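Visitor: Sequence first, predicted coordinates after that:
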Amino acid sequence: MHAIPAVVLVAALLGVWELYADSVATSSSILPAPHSIAVALWSNAGLLGHNLAITAKEVALGLLLALALGFALAVLIHLSPILRRAVYPLTVGSQAVPIAVIAPLLVFLLGFGLLPKLIVIVLICFFPVVVTTVDGLAAVDPDQLKLLHTLDASRWQAFRFAELPAALPAAISGARIAVTVGVIGAYIAESQTATSGAYSGLGHEINADLTALQTPRAYAAAVVLFAFAIACFYTLALAERRLSPWANRSRGDTR
């Protein structure tokens, strides 16, 4: 039932798109109609499925690395004020570095393969994890810390029983943001570092199809990428409800 408004909105947008594409004399190589994209999606299901598997692998591995790196860095920043002043500005600045600048260097150093793509995805994904985790660690209830100190808890125990549970929902929320930008990161990585071939990921497929004026198939690949991003986002939302149910109760989440 919750998905009905979104389905109705998508159907309305597709209807407007279809009417516009049919009424305006535009080539399908410029703006394909939704029915042309649906045909391309159906007739190229195998090709798109293989490329989706490659992109999904890259996103999953890149997201796991970004989560590990981002969470560890957030903890270090939280525990060390000096490190926060030294590293946090560089972390923010890393998001302003154009991927097109470093991609050729990654290819030169690491070759065409999985590793340079993962580095690109990690660079794009780890920042929201760092920011949300740092904020979550800082948002711990001061009364909890006072109680633990009264009970002679060590610094590690205070982190384990108060700060870490407070930061977990924020870290997962950061992961939800990261996974959506990670899909974009995978597209960029495949565009910049992918090798030629039939199965090099959806990003490479989209660029190759646009170059070859196979625009309906390029749009079909974009639809698959769009659906994949939505599926990843709501999978992490489900994981958040399972891993940190106390956060959902505190927000009055009745989903």
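Guide: Great, that's in hand.
Visitor: quick one: contacts for Ala231?
Guide: By Cβ atoms under 8 Å, 6 or more residues apart in numbering, no residues touch Ala231. Bear in mind the C-beta positions are built from the backbone N, C-alpha and C, glycine included.
Visitor: Apply 10 Å and report the result again.
Guide: Neighbour list for Ala231: Ala56, Val179 [criterion: Cβ atoms under 10 Å, 6 or more residues apart in numbering].
Visitor: mind checking how far it is from Thr132?
Guide: Distance, Ala231 to Thr132, using Cβ to Cβ, to the nearest Å: 21 Å.
Visitor: And the residue nearest the centre of the chain?
Guide: Taking Cα atoms, centre = their mean, the centroid of the chain lies closest to Val179, which sits 2.0 Å from it.
Visitor: How many residues are close by the closest residue to that one other than its chain neighbours?
Guide: Distances taken as Cβ to Cβ, 6 or more residues apart in numbering put Cys232 closest to Val179, at 4.4 Å, once the chain neighbours are dropped. For Cys232, the count of nearby residues is 21 (other Cβ atoms under 10 Å).
Visitor: all helices for the chain, in order.
Guide: Taking DSSP state H, the helices of the chain run over residues 4-23, 34-43, 45-79, 81-94, 99-110, 114-138, 142-150, 155-158, 164-193, 202-211, 215-243, 245-250.
Visitor: hang on, Thr55 packs against Glu205?
Guide: Yes: if you go by Cβ atoms under 10 Å, Thr55 and Glu205 touch, sitting 9.0 Å apart.
Visitor: For the two, indicate the residue with more neighbours.
Guide: Comparing Thr55 with Glu205 by other Cβ under 10 Å, the one with more neighbours is Glu205, at 31 against 25.
Visitor: Can you give me the pLDDT of the more buried one?
Guide: You'll see Glu205 listed with a pLDDT of 86.
Visitor: what bits of the stretch 101-250 of the chain have low per-residue confidence?
Guide: 152, 192-199, 240, 243-250 (pLDDT under 70).
Visitor: and with 80 instead?
Guide: By pLDDT under 80, the low-scoring segments of the stretch 101-250 of the chain are 101-113, 138-169, 191-200, 236-250.
Visitor: circling back: dump the residue contacts of the residue nearest to Val179.
Guide: Ala56, Val59, Ala60, Leu63, Ala175, Arg176, Ala178, Val179, Thr180, Gly182, Val183.
Visitor: can you pick the most crowded of those residues?
Guide: Ala178 (30 neighbours).
Visitor: quick one: the residue nearest to it when sequence neighbours are not counted from Ala189, how far?
Guide: Excluding the flanking residues, the one nearest Ala178 by Cβ to Cβ, 6+ apart is Cys125, at 4.0 Å. Separation of Cys125 from Ala189 (Cβ to Cβ) stands at 11 Å.
Visitor: so what sits against both of these two?
Guide: With Cβ under 10 Å, 6+ apart, Cys125 and Ala189 have common neighbours Val59, Gly62, Gly182.
Visitor: what's the pLDDT at the first one?
Guide: Confidence at Val59, expressed as pLDDT, is 88.
Visitor: residues in contact with the nearest residue to Leu69 once chain neighbours are set aside?
Guide: Nearest non-adjacent residue to Leu69, counting by Cβ to Cβ, 6+ apart: Phe126, 5.1 Å away. The contact partners of Phe126, taken as Cβ under 10 Å, 6+ apart, are 62-63, 65-74, 91, 94-95, 174, 178, 182.
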